[in-house]
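> Pasting the sequence and the predicted model now:
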Amino acid sequence: MYHNSTHVEGTELRTRTARANVQQEAVLEYFRTQRIASASQVHKGLGERFLLTSVRRSITNLAKSGVLAKTGHKAMGPFGANEYKYAIRA
């Protein structure tokens, strides 16, 4: 899902939406194989092909749609702050 906060239209909107969908599908596929991870673990696991903020957006969207669940577990992020881990729902 692309959040059109800059109010783009037409071809640019379609391009950005398609890119966000590809990113979200890549994040979901990562969780299908790894089962549980934090945003920066996914980011690194995907070869840093997408921005970390885009990975976080995808995880949030997948959690809101019920595909992922936030766990009580945390992992140290790349900037020294803890991040929650998410798990794919069975």
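Perfect, thanks for sending it.

> And for Arg16, the neighbour number?
15 (other CB atoms under 10 Å). Quick note: C-beta positions are derived from backbone N, CA and C, even for glycine.

> For it, what is the enclosing helix or strand?
helix 10-34 (DSSP states H and E).

> in its sheet, what does the helix or strand immediately after that helix in the chain sit against?
Once helix 10-34 ends, the next helix or strand along the chain (criterion: DSSP H and E) is strand 36-38. Paired neighbours of strand 36-38 in the sheet (DSSP bridges): strand 82-88 (antiparallel).

> quick one, the helix holding Arg16 and strand 82-88 angle?
80 degrees (axes from the mean of the first three to the mean of the last three CA atoms, to 10 degrees).

> can you give me the offset of helix 10-34 from its chain's centre?
9 Å (CA atoms, centre = their mean, to the nearest Å).

> Can you point out the buried residues in it?
Using 16 or more other CB atoms under 10 Å as the test for burial, helix 10-34 gives Ala20, Gln23, Gln24, Ala26, Val27, Leu28, Tyr30, Phe31.
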